[in-house]
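K.L.:
Next comes the sequence, and after it the predicted model I'd like to discuss.
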2 protein chains.
Amino acid sequence: MASRRGEGETATTPLEPADRERARAIPEAAVARLAVYLRVLSGMSDQGVTAVSSEELSQAAGVNAAKLRKDLSYIGSYGTRGVGYDVEVLVSHIERILGLTRNHSVAVVGIGNLGHALANYGGFPGRGFPVTALFDVDADLVGIPVGGIPVNHIDEITAVCLEREVSIGVIATPPPAAQSVCDRLVSAGVQCILNFAPVVLQVPDNVEVRKVDLAVEMQILSFHVARRADEAAGVSDANNGLGVDGMVIRP
Amino acid sequence: MASRRGEGETATTPLEPADRERARAIPEAAVARLAVYLRVLSGMSDQGVTAVSSEELSQAAGVNAAKLRKDLSYIGSYGTRGVGYDVEVLVSHIERILGLTRNHSVAVVGIGNLGHALANYGGFPGRGFPVTALFDVDADLVGIPVGGIPVNHIDEITAVCLEREVSIGVIATPPPAAQSVCDRLVSAGVQCILNFAPVVLQVPDNVEVRKVDLAVEMQILSFHVARRADEAAGVSDANNGLGVDGMVIRP
DNA sequence: TCGACTTTGTGCATGCGTTCACAAGCGGTA
DNA sequence: TACCGCTTGTGAACGCATGCACAAAGTCGA
């Protein structure tokens, strides 16, 4: 209702000024890793582990220990020298920094194969992201519940998103529809979009877009396959010097 | 056929030594963007566009023009100064560099919601990635075709992957099964893996893994929501310096 | 209480990727 | 043919992220 994000934001954690400053300084890459640490830590917590060292945690998360410590230092100093980190403490601080103390309701647009998969994900791994709205153009789908949530028609995006306070929109439509859907989400006040359509979305500056592009991922892998094959097939190492260091290699 | 990658690699484009050297020097980030350029260019090609300038192309791809030119320079100099690039020429060179001249057959493991979606993707947007094998543990699924391909039991991974020369494995299983599936794929000779399971996979050095982690993506978005809300709610800018002792905090 | 050992937090250096700015090169035109 | 304007290709500067190495700080045992 009237709880547009305008003012007090008192509903959630206090978020002290110092943290806010810190949050702004966290490198994007570190944020992504924090999310991974959080998952690993949650798993440990479930198994009754209460303390962990940077070495253990880094190994479980598949990163360098120094990098992990630096990442954690971005959110504050919550470790104990000589001992390590308290799992619960770390979990709660990472959750706070990542904004997981709020409830982010999610809308999925495009109930095709992928949309179904997303709708059934059921809040996504771990708590925190309830899917509260589904949309599609197809009239045959409208009204039918998927994963417990009824599908609305795409024309209702604005109304429904505002009503249910959707903060994250997921686009799983065919490419041609993506930009139009994106525009509607934006006009409904959605400021974060996760885009699965292979399209470069145009959005205002105040909207954050992340894209998941399967074709691109496959092609990157393809590149590596090709590189590997070339290395193997081509003269194993007879790249007889020249080049290597500097990109430049002119004929 | 004896077309294992052992020797001449005569089946596909010649790939001259100079290109091989160049390919090795292409930054990972640039490879990802090349894939995007390729899609944009393909779209232009379909619409009958034959030439394009770096400015136009960069705008369509959502990147900086200088960056685009540098990215293209990694694969060679195929533009014409004062004119721009020939769309077809660029398409074919990017395809070659990305290794899309070969056929990469794909195996999807885990035919749940996501697996269904992937199987039905039908070769993925654009040509080049035929899904040739599906696997699941569930005996009820085995034998039933999904997207035209019959599902095999997970125990058959090695045999089937070798037989169908699978070069890319996609893991869409629940988290606990992911590592075991990964190991099987690796032992079947699969050197590239796209992992949708929220798990950090352990693989030998010669295997390339890319992961798509929805939870992480959502959490990154959540972080930005939180940051935005804080900026809006918190005294608009009264971050009156003195941000902790810490580093950074620029005026 | 003291000392030895362990692990964090971080200044610093290194390397990679992005951005800038401009010379080189090409087509069109007189 | 010679000039002019446009666009590419790239050297160089910059900035961010990674990794190293060590001092600071805490625990544990004697």
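P.N.:
It's in.

K.L.:
List the buried residues in the helix or strand where residue A:150 lies.
P.N.:
Element membership for residue A:150, per DSSP states H and E: strand A:149-153. Residues A:149, A:151, A:152 are the ones in strand A:149-153 that count as buried (16 or more other CB atoms under 10 Å in any protein chain shown). Where C-beta positions appear, they are placed from N, C-alpha and C, glycine not excepted.

K.L.:
DNA strand C contacts on the stretch 1-150 of chain A?
P.N.:
Taking CB under 7 Å from any atom of the strand as the measure of proximity, the stretch 1-150 of chain A contacts DNA strand C at A:53-55, A:65-66, A:69-70, A:72-73, A:77-85.

K.L.:
I'd like to know which of these are buried.
P.N.:
By neighbour count, with 16+ other CB under 10 Å, those hold A:54, A:72, A:79, A:84, A:85 as buried.

K.L.:
For the nearest residue to the last one once chain neighbours are set aside, give its distance to residue B:60.
P.N.:
What that stands for is residue A:85. Computed as CB to CB, 6 or more residues apart in numbering or on different chains, the closest residue to residue A:85 that is not its neighbour in sequence is residue A:79, at 4.7 Å. Distance, residue A:79 to residue B:60, using CB to CB, to the nearest Å: 47 Å.

K.L.:
same check, this time on residue A:178
P.N.:
The spacing between residue A:178 and residue B:60, counted by CB to CB, is 14 Å.

K.L.:
go on, residue A:63?
P.N.:
Distance, residue A:63 to residue B:60, using CB to CB: 35 Å.

K.L.:
The residues of the stretch 1-150 of chain A next to DNA strand C in strands, which ones?
P.N.:
Applying DSSP state E to those, the entries found in strands are A:79, A:80, A:84, A:85.

K.L.:
Residues in a beta bridge with the third one, which ones?
P.N.:
This means residue A:84. Beta-bridge partners recorded for residue A:84 (DSSP bridges): residue A:80.

K.L.:
now the helices for chain A?
P.N.:
Ranges of helices within chain A are A:17-25, A:28-46, A:54-61, A:65-75, A:87-97, A:113-120, A:157-163, A:175-187, A:214-233, based on DSSP state H.

K.L.:
Dump these into a markdown table; add distance to residue B:215 and mean pLDDT as well.
P.N.:
Formatted as a markdown table, the helices of chain A follow (distance: least, CB to CB, whole Å; pLDDT from 0 to 100):
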| stretch | distance to residue B:215 | mean pLDDT |
| --- | --- | --- |
| helix A:17-25 | 20 | 66 |
| helix A:28-46 | 7 | 96 |
| helix A:54-61 | 14 | 96 |
| helix A:65-75 | 17 | 97 |
| helix A:87-97 | 13 | 95 |
| helix A:113-120 | 12 | 90 |
| helix A:157-163 | 22 | 96 |
| helix A:175-187 | 21 | 97 |
| helix A:214-233 | 17 | 87 |
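
K.L.:
what number of residues lie near the nearest residue to residue A:162 once chain neighbours are set aside?
P.N.:
Counting by CB to CB, 6+ apart, residue A:188 is the residue found nearest to residue A:162 once chain neighbours are left out, at 5.8 Å. A count of nearby residues for residue A:188, using other CB atoms under 10 Å in any protein chain shown, gives 18.

K.L.:
surely residue A:188 meets residue A:165?
P.N.:
No. Applying CB atoms under 8 Å as the test, residue A:188 and residue A:165 come out as separate, 10.4 Å apart.

K.L.:
Overlap of the contact sets of these two?
P.N.:
Jointly contacting residue A:188 and residue A:165 under the rule CB atoms under 8 Å, 6 or more residues apart in numbering or on different chains is no residue at all.

K.L.:
Give me the pLDDT value at residue A:4.
P.N.:
The model reports residue A:4 with a pLDDT of 36.

K.L.:
Which of residue A:178 and residue B:60 has more residues huddled nearby?
P.N.:
More crowded of residue A:178 and residue B:60, by other CB under 10 Å: residue A:178, with 23 against 18.

K.L.:
Spatially nearest residue to that one, not counting backbone neighbours?
P.N.:
Nearest non-adjacent residue to residue A:178 (CB to CB, 6+ apart): residue A:197, at 3.7 Å.

K.L.:
about what we covered before: tell me the strands beside the strand holding residue A:150, with direction?
P.N.:
With DSSP bridges as the test, strand A:149-153 is paired with strand A:131-136 (parallel), strand A:145-146 (antiparallel).

K.L.:
got the contact list for the last one?
P.N.:
Right, the one you point to is strand A:145-146. The set of residues external to strand A:145-146 that reach it, using CB under 8 Å, 6+ apart, is A:111, A:115, A:116, A:119, A:120, A:134, A:151.

K.L.:
and with 10 Å instead?
P.N.:
A:108, A:111, A:115, A:116, A:118, A:119, A:120, A:131, A:134, A:136, A:151 (CB atoms under 10 Å, 6 or more residues apart in numbering or on different chains).

K.L.:
Narrow those residues to those that are buried.
P.N.:
Buried members of the contacts of strand A:145-146, counted by 16+ other CB under 10 Å: A:108, A:111, A:115, A:116, A:118, A:119, A:131, A:134, A:136, A:151.

K.L.:
got those residues as JSON lines, with distance to DNA strand D columns?
P.N.:
As requested, the buried ones among the contacts of strand A:145-146 are exported to JSON lines (distance: CB to the nearest atom of the strand, whole Å):
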{"residue": "A:108", "distance to DNA strand D": "29"}
{"residue": "A:111", "distance to DNA strand D": "35"}
{"residue": "A:115", "distance to DNA strand D": "32"}
{"residue": "A:116", "distance to DNA strand D": "34"}
{"residue": "A:118", "distance to DNA strand D": "28"}
{"residue": "A:119", "distance to DNA strand D": "33"}
{"residue": "A:131", "distance to DNA strand D": "30"}
{"residue": "A:134", "distance to DNA strand D": "34"}
{"residue": "A:136", "distance to DNA strand D": "37"}
{"residue": "A:151", "distance to DNA strand D": "38"}
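
K.L.:
ok, so of these, who is nearest DNA strand C?
P.N.:
Using CB to the nearest atom of the strand, residue A:118 comes nearest to DNA strand C of these, at 28.2 Å.

K.L.:
For the stretch 51-200 of chain A, which residue gets nearest to chain B?
P.N.:
Closest residue of the stretch 51-200 of chain A to chain B, CB to the nearest CB: residue A:99 (2.7 Å).

K.L.:
where's that residue relative to residue A:184, distance?
P.N.:
The gap separating residue A:99 from residue A:184 is 24 Å, by CB to CB.

K.L.:
More neighbours: these two, which one.
P.N.:
residue A:99 (25 against 19).

K.L.:
so how far is DNA strand C from the residue nearest to the residue of the stretch 51-200 of chain A closest to chain B when sequence neighbours are not counted?
P.N.:
Leaving aside its sequence neighbours, residue A:99 sits nearest to residue B:226 (CB to CB, 6+ apart; 2.7 Å). To DNA strand C, residue B:226 is 21 Å away according to CB to the nearest atom of the strand, to the nearest Å.

K.L.:
what does residue A:169 give?
P.N.:
Residue A:169 sits 25 Å away from DNA strand C, taking CB to the nearest atom of the strand as the criterion.

K.L.:
ok, that residue touching residue A:190?
P.N.:
Yes. Using CB atoms under 10 Å, residue A:169 makes contact with residue A:190 at a distance of 4.3 Å.
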